[in-house]
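S.K.: Sequence first, then the predicted structure, then my questions.
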Amino acid sequence: MMLMLAMILTVKLVGWVAQENRSNDRRQQALSEVANVMERLGAIPYEDLTQEAVKQVTLSPQLRATLPDGSLTVDLSENDPVGGNDSKKVSAKIRWKNQSGGWESPVHLTTWIYRSRSK
């Protein structure tokens, strides 16, 4: 009887650990993806970085297959008070649903891109 109880608890514990590992893997993949998105946007020249340009950025096919109901939101604002004049604030956020159907905490990165000054 004790052996059976120990085996049941072990199986439940292994299942819980596997679920946590999947959740952590998804978060890590989302972090890598949002970093890649920011890198791609940062490579766009200041003048070409527009609302239309950020709307063209989407999740990679690999991440769409991995994250249930995954979505990417990119916001762009010009002359942000924190960044000052000649700056563009770019914020990217990825969110997805967990196994129970609720939203996981999103991953979010923000950067400022500045107009290059010619000397």
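M.R.: In hand now; what should we look at? Numbering: from 1, shown residues only.

S.K.: tell me the contacts of Lys93?
M.R.: 34, 72-74, 106-108 (Cβ atoms under 8 Å, 6 or more residues apart in numbering). C-beta: built from backbone N, CA, C; applies to glycine.

S.K.: Give me the subset of these that lies in strands.
M.R.: Using DSSP state E, the subset of the contacts of Lys93 located in strands is 72-74, 107-108.

S.K.: where do the helices sit along this structure?
M.R.: Under the criterion DSSP state H, helices of the chain are mapped to 2-42, 51-55, 61-66.

S.K.: Reformat the ones you listed as JSON lines; add mean pLDDT and distance to Ile113.
M.R.: Converted to JSON lines, the helices of the chain look like this (pLDDT from 0 to 100; distance: least, Cβ to Cβ, whole Å):
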{"stretch": "helix 2-42", "mean pLDDT": "88", "distance to Ile113": "6"}
{"stretch": "helix 51-55", "mean pLDDT": "93", "distance to Ile113": "11"}
{"stretch": "helix 61-66", "mean pLDDT": "89", "distance to Ile113": "23"}
